[in-house]
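*Asks:* got a sequence here, can you model it:
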Amino acid sequence: MIRDNLAHLMATINNNSQFTGLILLSGVDKPGITQSLFNVLAPFSITVIDIEQVIISQRLILTVLISLNPAHEKAIEADLMECAQALDVDIATLFSTKDGSTISIKKDLIHVVILSSKLTPKAVAGVASAITNAGANIERITRTASSPITAIELIISGTNQSAISTALAPVAVAQSIDIAVQPGGMSRFAKKLVQLDVDSTLITQEVIELLAAKAGVGDEVVSITQAAMRGELDFEHSLRARVALLKGLPESVIAEVQSEITLTPGASVLIRTLQGLGHAVSVVSGGFIDVIEPLISQLGIVHFRANKLEIVDGLLTGRVEGPIIDRAAKAQALRDFAALESVTLEQTVAIGDGANDLDMIALAGLGIAFNAKPAVKAAADSSVSSPYLDSVLYLLGIPREAIEE
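*Replies:* Residues are numbered from 1 along each chain as shown. The predicted structure follows:
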């Protein structure tokens, strides 16, 4: 009986363990290296468990994890050394017996994306330290963009989105970098609705200020805007007060302002890429549809909401038609457009820069503050501090190569 139990135990151990070899190849990249390495391994009874290759500044790093017959270890190692000499590369090997149960697909991984115009070692060290202190582990690091900003994506395990977001928030501030934290899994690649604010987000200007300049009331409009920013006026009252100053302005100035507005750098790339990948894009604005409608049409955006100037006999009346598109209305638009596109709120993205965007940023699955004031950045899940709107694509896991394609 004892002999039978021992035999059963040994069989269990053998079934749950395997002899593995870790192969690390490094050297100057050139065609045929991967082919040559696997041609060396091909004659042996080997199973490839894992493989990863990366090229940095023409330097190749290739790692392969294999399971093999222990009796073949010396022969494989000798053949690999000959291969290294023939290819003029370095090959290191590590053979060991491992518990087979440890080689498995890890679940509940978290994606951390770092954006910076000048990424420093101190910033990377700060991120790594925060991850370690949170009890998490970095599984993989890849660069998804290098120009005009650097985007680095880390895949980590052993934590949850809330905990790692809390741990990384002070690092982003201290190191002046942008950090986004998102769950992994298939949801990362699901269809999304991306909703953008217009003034100082989709475009570089504030439409109300352009109109005010035409009416010669620029200073008065700025004064009312500042009062609203101080909390002395809510958005609806401040908008109505500013529009009132435009009374008597000829309708023709709308066309003049349309010719003056400019897209934020990267805006058309962002929208074109999202649409090309099957995502939906919507636009909401506390400004005026009268001015931005041609631009929205040009960009192929079908979901939009904005305020409407009242015009009678070719003149602006100083009033707005219909309900005001304020922060609550922007959040409602996100709900409505998501429903029209059959997208859950968890799969929505809201991008804005001002207090008027706070409700939709809070409601969205991912809220992004674009070159925003500190209060908006503090409320958002992530922020973009570069002037390029297409940087948002990196936060969504879309690499530069896919954008350029």
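*Asks:* where does the stretch 1-150 of the chain have low pLDDT?
*Replies:* Within the stretch 1-150 of the chain, the stretches with pLDDT under 70 are 1-16, 99-106.
*Asks:* which residues in the stretch 251-400 of the chain form strands?
*Replies:* Taking DSSP state E, counting those that start in this stretch as the test, the strands found in the stretch 251-400 of the chain are 280-288, 303-312, 315-321, 348-352, 366-370, 382-384.
*Asks:* so which elements touch the fifth one?
*Replies:* Meaning strand 366-370. Applying 3 or more Cβ pairs under 8 Å, 6 or more residues apart in numbering; DSSP states H and E, we find strand 366-370 packed against strand 178-183, strand 348-352, helix 358-363, helix 374-379, strand 382-384, helix 392-395. Bear in mind the C-beta positions are built from the backbone N, C-alpha and C, glycine included.
*Asks:* measure Thr264 to Gln18 for me?
*Replies:* Going from Thr264 to Gln18 by Cβ to Cβ, to the nearest Å gives 54 Å.
*Asks:* between these two, which has more neighbouring residues?
*Replies:* A side-by-side neighbour count of Thr264 and Gln18, using other Cβ atoms under 10 Å, places Thr264 first with 21 against 18.
*Asks:* look up the closest residue to the more buried one, ignoring the ones flanking it.
*Replies:* Using Cβ to Cβ, 6 or more residues apart in numbering and skipping the chain neighbours, the partner closest in space to Thr264 is Leu389 (4.7 Å).
*Asks:* number of nearby residues for that neighbour?
*Replies:* Using other Cβ under 10 Å, Leu389 has 25 neighbouring residues.
*Asks:* got it, and the one 5 residues further on?
*Replies:* Under the neighbour criterion other Cβ under 10 Å, Tyr394 is assigned a count of 25.
*Asks:* gap between it and Lys107?
*Replies:* Using Cβ to Cβ, Tyr394 is found at 24 Å from Lys107.
*Asks:* just Ala167 next, same as before
*Replies:* 21 Å.
*Asks:* ok, those two, which is more surrounded?
*Replies:* Taking neighbours as other Cβ under 10 Å, Ala167 and Lys107 compare with Ala167 leading, 20 against 8.
*Asks:* what strand or helix carries that one?
*Replies:* Here Ala167, judged by DSSP states H and E, is contained in helix 161-175.
*Asks:* so Ile324 makes contact with Glu236?
*Replies:* Yes. Using Cβ atoms under 8 Å, Ile324 is in contact with Glu236, at 4.5 Å.
*Asks:* mind checking the strands of the stretch 251-400 of the chain for the one nearest to Glu206?
*Replies:* strand 280-288 (7.6 Å; Cβ to Cβ).
*Asks:* tell me how far the closest one lies from the chain's centre.
*Replies:* 20 Å (Cα atoms, centre = their mean, to the nearest Å).
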